[in-house]
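Novice: Give me coordinates for this.
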Amino acid sequence: MPVLSMGWRRQAFLHWPYRPHDVQALLPPGLQADLFEGRAWVSLTPFVMSTVRVCGMPMIPDTFPET
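Specialist: Modelled structure (predicted):
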């Protein structure tokens, strides 16, 4: 049974390549950086949420940004 209903609007996907050593230094012990073509990638996904509501309850703020 669904508990939450929402819509995503105006989503963006931003990606930057980094040297694997630089990313690895930021990760906790035991976690390994995943590489693609020899580089580690850092991504940011900003989007706008709309029509967010807990099922059976009124809507919370109609539209708001999230990252």
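Novice: Show me where the chain has its helices.
Specialist: For the chain, the helices defined by DSSP state H cover 20-24.
Novice: Okay, buried residues for the strand ranked longest in the chain please.
Specialist: Counting by DSSP state E, the longest strand found in the chain is strand 47-54. By neighbour count with 16 or more other C-beta atoms under 10 Å, strand 47-54 contains the buried residues 49, 52. The C-beta positions use only the backbone N, C-alpha and C, and glycine is treated the same way.
Novice: neighbouring strands for that strand, and are they parallel or not?
Specialist: Strand 47-54 sits in its sheet next to strand 4-9 (antiparallel), strand 63-66 (antiparallel), going by DSSP bridges.
Novice: quick one: average pLDDT of it?
Specialist: Averaged across strand 47-54, the pLDDT comes to 83.
Novice: Show residues contacting it.
Specialist: Defining contact as C-beta atoms under 8 Å, 6 or more residues apart in numbering, one finds that strand 47-54 is touched by 3-12, 59-67.
Novice: I'd assumed Asp62 was in contact with Arg9.
Specialist: No. With contact defined as C-beta atoms under 8 Å, Arg9 does not reach Asp62; the gap is 11.2 Å.
Novice: Relative to the centre of this structure, find the outermost residue for me.
Specialist: Gly56 (26.7 Å; C-alpha atoms, centre = their mean).
Novice: do you know how far that residue is from Phe36?
Specialist: 43 Å (C-beta to C-beta, to the nearest Å).
Novice: Could you do Thr51 as well?
Specialist: Distance from Thr51 to Phe36, by C-beta to C-beta: 35 Å.
Novice: What separation is there between the residue nearest the centre of the chain and Asp34?
Specialist: Among the residues of the chain, the one closest to the centroid is Thr45, at 4.9 Å (C-alpha atoms, centre = their mean). Going from Thr45 to Asp34 by C-beta to C-beta gives 16 Å.
Novice: ditto for Pro17
Specialist: Distance from Pro17 to Asp34, by C-beta to C-beta: 13 Å.
Novice: Can you tell me what sits against the lowest-mean-pLDDT helix or strand in the chain?
Specialist: Ranking every helix and strand in the chain by mean pLDDT, DSSP states H and E puts strand 4-9 at the bottom, with a mean of 78. For strand 4-9, contacts defined as C-beta under 8 Å, 6+ apart pick out 47-55, 63.
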